[in-house]
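Visitor: I'd like to go over a predicted model; first the sequence, then the structure.
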Amino acid sequence: MSTVLDIIASAGLWGAVLRIATPLIFGTLGALLCERAGVLNLGIEGIMTFGAMSGWLAVYHGADLWTGLLVAALAGAAFGLLHAALTVTLGLSQHVSGLGVTLFASSLSYYLFRLIVPLAGSPPTIVPFAPVSLPGLAGLPFIGPVLSAQTPPTYLALLLALLLAYVMFRTPLGLAIRMTGENPHAAEAQGVNPMAVRYGAVIVGSALMAMGGAFLTLSAFNSFFPTMVQGRGWICIALVVFASWRPGRALFGALLFAFFDAFQLRLQTAVDGVPYQVFLMTPYILSIVALCVMARRARVPQALMQPYRRGER
Amino acid sequence: MTETVLEIDRVSKSFGDNKANDAISMTLGKGEIVALLGENGAGKTTLMSILFGHYMPDEGCIRVHGVDLPPGKPRAAIHAGIGMVHQHFSLAPNLTVLENVMTGTEKLWSFRSETGRARAKLKSLAERFGLAVDPDARLGDLSIGEQQRVEILKALYNDARILILDEPTAVLTNLEAETLFATLKEMARQGLSLIFISHKLDEVMATADRVVVLRGGKLVAERRSAETSRDELAELMVGHRVARPVREAHQRGEPVLEAAAVSVRVDGVDRLKEISFRLHAGEVLGIIGVSGNGQTVLARLLSGTLARSSGDILLYGEAIGDLSVADTVAAGIGRVPEDRTHEGAIGEMAVWENAVLERIDEPRFSRHGLVDRKAAVAFADTIIRDFDVRGGGPLTRTRLLSGGNMQKLILGRNLAERPRILIAAQPARGLDEGAVAAVHARILDARKAGTAVLLISEDLDEVIGLADRIQAIVGGRLSPPVSADEVDARALGLMMAGAWKKEAA
C-alpha cells in the first residue's frame, strides 16, 4: 500500500502523466473538432503516424523542431483534405473512408521513410525538444519539478485545449461548427455553409492529429519507427466519446488515461509476482469502465456520420 | 386596401413532367393572414419553397415591397424580411434555444459571441408576441409546441416582417394549436404579414382573413374567409363534393376485448390508472382525450409493446397475461400506430416488404425458409388496389408515399385479412380531406364486417362520426362509456376535461 502512495506522491509520475497525455490531447482535440462538425475521422491513426514520420524527416534533413511540427501539421491537413473530399463532397461512408485514410497514411509513412532513410543497424536520431522550465513556476514545490520535465509542445497542447473550448462555446464560428454537426440543414437555412465548415474542421482537426504524432518523434523520442503510434489514435476516438464532445473534458480524459498508463508502468517494477502484461492491460480496462460510466450520458452530435446534400431532407 | 408587402407574380415550377406550380399569382397585405389551402400535392409547399429561395422558379418573379427578390437565395429572402417556419423544424435538439436562434446571425470570425445582447433581444421578442420560452433550455427538452415557438422566434430574430408557416398545426395538439393561432393573430395585429399552409378547414376559417385555394398546381379560387363556408372551401380544395362517410345503425356482437382495472407503470410513473373498457365485435369504441393523457400508452399496451403492472386483460372472454406483439398478430388484432412514419412502416423498405412484414413466417409467403417474393408482391398489389394506395407500386420505397397513402397502406395491411380487433390510434391525423374520408370509410366497413374497433383520437368530429360508444381519457384514467347518440361536442368537451369524476363522487 505504501508503495502505491509513494508512486502517487512522486513528481516523476506526474511529469510522466503530462508527457504521455500530450499526443492524446492533440489527437483528441483534432478528432473532437471533426466530430463536432459531423465528420468521424478514423484516419487519425494513420495521420498520427504520418505526422510522426514527416515531422521527424523534416528535422532529420536540417529543419528546426518547430518547422518540423509545422510540416507535420501541413501533412495532416493534406490527409484531412482527402478525407473531407471523400466524405463531404462525395458523401461516402465516413467509416470506410477513415479506415482507408489510416491504411493509406500508415503505409505511405513506412514507404517514404524506407525510401529516404536507408536501412541501418541502429535507427538514425535527431535532437528532440528539450524540457523548459517556466520562469516563476520552476521554484514551486512539487509543481516545479513536474512542469520542468515538460517540453514546449506539451504547453502548446494545454493551450490548444483551452483555445478550442473557447472557440467552440464562446464564438460565432464555434456555434456554426456545432450547428453543422447537429443539423446542417438548419445551419444552411441560417446562412452558414455546412460544406465549408466541415472541410475546415476536418482539415484543422487532422492537422492537430498529425501534431500529436509528431510529438512522439520530436519530443518523447528521437527517432521514427513504423509502429510507434501504437493505437493512440483509437484511444483518442474513444476519449472524444468519454469527453462527451467537450474540449475541457477531453483534456481531463487524456490526463486520466495517461495517469493509468504512467501508474501501471511504475507498478510493474514495484510489484513482484504479477506478469507485467496484466499491468499493461489496466489502462485499457479502466478506460472501458470509465467510458461505460461517462458515455451513457454523452450527447452525440445528431448529424455525426450523416453526409450533407443540399436540398435533401 | 392596405399596403401590399408581397407579390407573387405568375410563378411556375415543374419537376419533370409534373407541373407543381402553374402561373400562380397572389398578394399579401400588411397585417394580413392568408391561408394557403390545398390537398397534399397541390403545390403549396413548392410555392413557399420558391418564395423562401429553396427552389428556383421556372418562370415568374416575387416582389417584396415592390422590389424583385433574387430567386433561389435563402439568404436574400431572410434579408428581405421573409421568415419560414418549417413543418419539420430546422432546429438542433442538443443546442440551447438561444444557440439555435443565434446561429449564423453574427459575423463568423468575430472573437466573441454577443450572447448577452442576443438574450435580451430574444426575451423582448418573446414578451412582445407572447412566445414564452427559456433561452437557456436545451431544445430537445422542450415540447413540440415550445419547439415551434423557437422556430417562430428564430424568424422574428432575423427581423422577419413576412412569416410563412408550413402546416404549423400538423404536429401540435389541439390546445397548442389554439395558442399558436392566438399568437399569429397578435402578430398580424402588430403589423406582421403571415401566410400559413393548411388543409384543415376549421383552422383556416377561424384564423385567416383571406383564403387562397390551390389544386393540382393551379390557383383555383380566392375568398375572404368571412364570405365563404367550410363546405365551399372543401369542394374547391378537392374539386368535387366530399362527404365524410356516415355511420349506420348496426347490431354489435359479443365482447372480444376487455380491460378490468388495468394499470401501467412506465419509468416509475403510473401512466394508466385502473382503466376498464369492454370492446364488442362490430362496434367502434372511441377513446377521446387531449394527447398526452395516456393514449399512446394504451395503444402500446394493446399492441403488445408495453406490459401492465396490475389488472386483467380478457381476450375473447379469457384472461390473458401480457400480450406480446406475436400474440397480437396470432389473435387477429390489427394495429394502426399513432406515428405512422416511425412505428407504422419502415420508410427505407419497399411497399411489398411493409405489407407482409408481420406475416412473413406464414407458409404462403415463405418457401423453404426463403421469402416467396411473388406471393408477397401479389399481396401488396391487392392492398394497393383495394385500398386505393396511390403514388407507387409494390416495389416503391415506402418513404416516397404521402402520409395519406402510407396510412392507407397500413390500414390495408391490417384490414385485408379481416382482423377481429383493430386498434387505431389517431388514424386520420395530418391527412387531407379526401384521405380522411377514405380512412373513415375503411374503418366503418370493418365495423360492418364484424371487426371490433378501438379508435383512439383527439378529433371530436372523428369520434362522434365513427364511434358507437365513447370513453374519455384524462390523466391516465378512463371515463365510463357514453353512447355517441346521446352526447354532443359540448358534453364530450367536458368529459375530456375530466368532468365525469365529479359525477362519480
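Guide: Everything's here; your move.
Visitor: Tell me how many other residues crowd residue 124.
Guide: I'll assume chain A. 12 (other C-beta atoms under 10 Å in any protein chain shown). Where C-beta positions appear, they are placed from N, C-alpha and C, glycine not excepted.
Visitor: my bad, chain B
Guide: 10.
Visitor: Quick check: closest non-adjacent residue to residue B:253.
Guide: residue B:281 (3.3 Å; C-beta to C-beta, 6 or more residues apart in numbering or on different chains).
Visitor: Let me fix that, I meant to ask about residue B:404.
Guide: residue B:435 (3.1 Å).
Visitor: end-to-end on stretch B:327-340?
Guide: Using C-alpha to C-alpha, to the nearest Å, the span of stretch B:327-340 from its first residue to its last is 21 Å.
Visitor: likewise stretch B:148-168?
Guide: First residue to last in stretch B:148-168 (C-alpha to C-alpha) measures 8 Å.
Visitor: Which positions within that stretch qualify as buried?
Guide: By neighbour count with 16 or more other C-beta atoms under 10 Å in any protein chain shown, stretch B:148-168 contains the buried residues B:148-158, B:160-168.
Visitor: do stretch B:293-300 as well
Guide: Neighbour-count burial for stretch B:293-300 [16+ other C-beta under 10 Å]: B:293, B:294, B:295, B:296, B:297, B:298, B:299, B:300.
Visitor: Adding pLDDT, secondary structure and distance to chain A as columns, could you present those in CSV?
Guide: Below are the buried residues of stretch B:293-300 laid out as CSV (pLDDT from 0 to 100; DSSP: H, G, I helix; E, B strand; the rest coil; distance: C-beta to the nearest C-beta, whole Å):
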residue, pLDDT, secondary structure, distance to chain A
B:293, 87, coil, 29
B:294, 89, coil, 29
B:295, 89, helix, 28
B:296, 88, helix, 23
B:297, 91, helix, 25
B:298, 93, helix, 30
B:299, 91, helix, 27
B:300, 90, helix, 25
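Visitor: now for those, which pair is the farthest apart?
Guide: B:293 and B:300 (14.1 Å; C-beta to C-beta).
Visitor: And the residue most central in space within chain B, which helix or strand is it part of?
Guide: With distances taken as C-alpha atoms, centre = their mean, residue B:430 lies nearest the centre of chain B, 2.9 Å away. For residue B:430, there is no host helix or strand (DSSP states H and E).
Visitor: Apart from its chain neighbours, what residue comes closest to it?
Guide: Excluding the flanking residues, the one nearest residue B:430 by C-beta to C-beta, 6+ apart is residue B:170, at 5.0 Å.
Visitor: how would you label that neighbour: helix, strand or coil?
Guide: coil (DSSP: H, G, I helix; E, B strand; the rest coil).
Visitor: Spell out which residues of the stretch 301-450 of chain B are next to chain A.
Guide: Residues of the stretch 301-450 of chain B found near chain A (C-beta under 8 Å from any C-beta of the partner chain): none.
Visitor: Which stretches in chain A count as helices?
Guide: A:2-9, A:11-36, A:44-60, A:65-84, A:94-116, A:143-148, A:152-170, A:172-182, A:184-189, A:194-215, A:232-242, A:247-270, A:276-295 (DSSP state H).
Visitor: Looking at those helices, which one is packed in the most?
Guide: helix A:44-60 (a mean of 30; mean count of other C-beta atoms under 10 Å in any protein chain shown).
Visitor: Which pLDDT value goes with the residue nearest to residue B:253?
Guide: On pLDDT, residue B:281 comes in at 94.
Visitor: Please apply the same query to residue B:203.
Guide: We have a pLDDT of 87 for residue B:203.
Visitor: hang on, the earlier thing: tell me, which of the helices of chain A is the model least confident about?
Guide: Mean pLDDT values for the helices of chain A show the minimum at helix A:2-9, a mean of 81.
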